[in-house]
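[1] Just need the structure, nothing else, for what follows:
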Amino acid sequence: MTQERDIVDELREIQRMNTTLHGAQMAARAADDIERLRGMLEVQDEMVKHYVEERDEARREVCVLMQRAGFLRGDYANERGWDCFKEKP
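    You can find the predicted model right below:
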């Protein structure tokens, strides 16, 4: 089984091997852009995880309040497709 090479590694190699300034610059810019975009995706992934945790905590609070108001445990959540009482990962 062959291991797939990372596109940024390939572009950096093209940059080093390219004898024309234009080709080397293009490969460098492409590699830089890919690395920048990957960094942005990592930040956004962390933001999504944070907002999901906040949403889940808010849902748990609502479920507890609705349980105190007389709903059976989980009924309010089930009506909305929530799982308020699942274990946190």
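
[2] In terms of secondary structure, what does the helix ranked longest in the chain contact?
    In the chain, with assignment by DSSP state H, the single longest helix is helix 21-68. If you count contacts as 3 or more Cβ pairs under 8 Å, 6 or more residues apart in numbering; DSSP states H and E, helix 21-68 packs onto helix 7-17, helix 75-80. From N, CA and C alone the C-beta is placed, and that goes for glycine too.

[3] Can you name the helix or strand that Gly70 falls in?
    Per DSSP states H and E: Gly70 is located in neither a helix nor a strand.

[4] quick one, phi psi at it?
    Main-chain torsions, Gly70, degrees, to the nearest 10: phi 120, psi -10.

[5] what's the weakest-modelled helix or strand in this protein?
    The helix or strand of the chain with the lowest confidence, counting by mean pLDDT, DSSP states H and E, is helix 7-17 at a mean of 83.

[6] What residues sit buried inside that helix?
    Across helix 7-17, burial judged by 16 or more other Cβ atoms under 10 Å covers 8, 11-12, 14-15.

[7] Give me the residues contacting it.
    Residues outside helix 7-17 that contact it (Cβ atoms under 8 Å, 6 or more residues apart in numbering): 23-24, 27-28, 30-31, 34-35.
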